[in-house]
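Trainee: Have a look at this prediction, sequence included:
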Amino acid sequence: MRFHPARLLYDMNSYEKAHKTIRTNGNGMVISMFKRLLEYVEIKTKITSIFPFFMTLAYLFAKGAPIFPLRTCIFFLAMFLFDLTATTINNYMDTKTNHQTLQFKRSTALMITLVLFFVSMALGLYLVSLTDIVVLGIGALCFLCGVLYSYGPIPISRQAYGEFFSGIFYGFCIPFLLIYMNSPKGSVLSYKISLETMSLSFSVLPMLSILLLSIIPIFLTANIMLANNICDVERDITVNRFTLPYYLKKKALYLFAGLYYVAFLSVPVMVIFHILSPISLLLFLVFPIVQKNIKQFWNMQEKDKTFILSIQNFILMMSADTILIFIGAFLPFLGGSR
């Protein structure tokens, strides 16, 4: 058998080309699957949980409050993964009625949802072991609402109170839990449980501060859902989905605008009560942009053209609010603590 260097070189080149093709195809499949996963969990909508989290971190920092890294990181992971879970449940259930297809086979989509659910639940239980029963109770309520939002005989998303629930659980529960678990015991909420009695008490000023701080994320989150439902109201009726705009009719647009105005007005109230630094009043600099988006949505309510305006307003206001709260920490002459 004779040795042919040229033939050997040709075989080696062929092998390298085949290996490169297989590797390229494999990488392409992984990238494609990852993109479909991001679409399934609607990663772009996670701003409604991420922004309230960082706004509250900025607030704790500005107040000079201690921040426990482990609790805070575990809370973020549990919160974020369950937000993904709630979205996948919503998409999984909606495709049964809206004649759309999932990004994966239904069995695969269900498996992804279950993995996200149990990992987020495990993280939540670990967080409870680091904190107390209050975190367990509110966390369990958030999990229940997240599931019932799309699942069950009467899903929350198909009712007139979806905006309320989404606003409260994203805009209030995230700030409350983050502040509570990083605050001295009993400074925000205290409880006493025995075999005979159970008592729960709130500290008025801390709770008032949390409520006022939460107004912006509550109302902006609610407005994203409200804008979505306004754009989809006609299509929703065809699948027996009667949301708030169905009952409010034209008044839904007044509510849409009003929620933004109240969110802006909450800032001077917080400054007066020394909850925020006066520098937070600079949030009004973005008002003209927000107002322009409100007018544009008022004139046209189309999902593919103007729904994005509610998301733009959310990002703009929450970003400015968070940055100003953080900056306020470094201005002692304006009430900063750093």
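Mentor: Cool, the structure landed. Numbers count the residues shown, from 1 in each chain.
Trainee: pLDDT-wise, which helix or strand of the protein ranks last?
Mentor: helix 5-40 (a mean of 63; mean pLDDT, DSSP states H and E).
Trainee: immediately after that one, which helix or strand?
Mentor: Under the assignment DSSP states H and E, the closest C-terminal helix or strand after helix 5-40 is helix 47-62.
Trainee: Can you name the next helix or strand after that following helix?
Mentor: Next helix or strand after helix 47-62 toward the C-terminus (DSSP H and E): helix 69-94.
Trainee: So which elements touch that next one?
Mentor: In terms of contacts (3 or more CB pairs under 8 Å, 6 or more residues apart in numbering; DSSP states H and E), helix 69-94 is packed against helix 47-62, helix 106-130, helix 133-148, helix 173-181. Yep, even glycine has a C-beta here, placed from its N, CA and C like the rest.
Trainee: do you know which of the ones you listed lies nearest Tyr92?
Mentor: Go through these one by one with CB to CB and the one that ends up closest to Tyr92 is helix 106-130, at 5.6 Å.
Trainee: for that closest one, which positions count as buried?
Mentor: For helix 106-130, the buried set under the neighbour-count rule, 16 or more other CB atoms under 10 Å, comprises Ala109, Ile112, Thr113, Leu116, Phe117, Val119, Ser120, Met121, Leu123, Gly124, Leu127, Val128.
Trainee: Run through the residues that contact the first one.
Mentor: Contacts of Ala109 were listed using CB atoms under 8 Å, 6 or more residues apart in numbering, and they are Tyr40, Thr88, Asn91, Tyr92, Leu102, Gln103.
Trainee: ok, and the most crowded of those residues?
Mentor: Using other CB atoms under 10 Å as the neighbour test, the contacts of Ala109 are led by Thr88, with 26 neighbours.
Trainee: With adjacent residues omitted, what lies nearest to that residue?
Mentor: Spatial nearest neighbour of Thr88, excluding adjacent residues (CB to CB, 6 or more residues apart in numbering): Thr113 at 4.3 Å.
Trainee: Quick check: the gap between that neighbour and Lys35.
Mentor: Thr113 sits 18 Å away from Lys35, taking CB to CB, to the nearest Å as the criterion.
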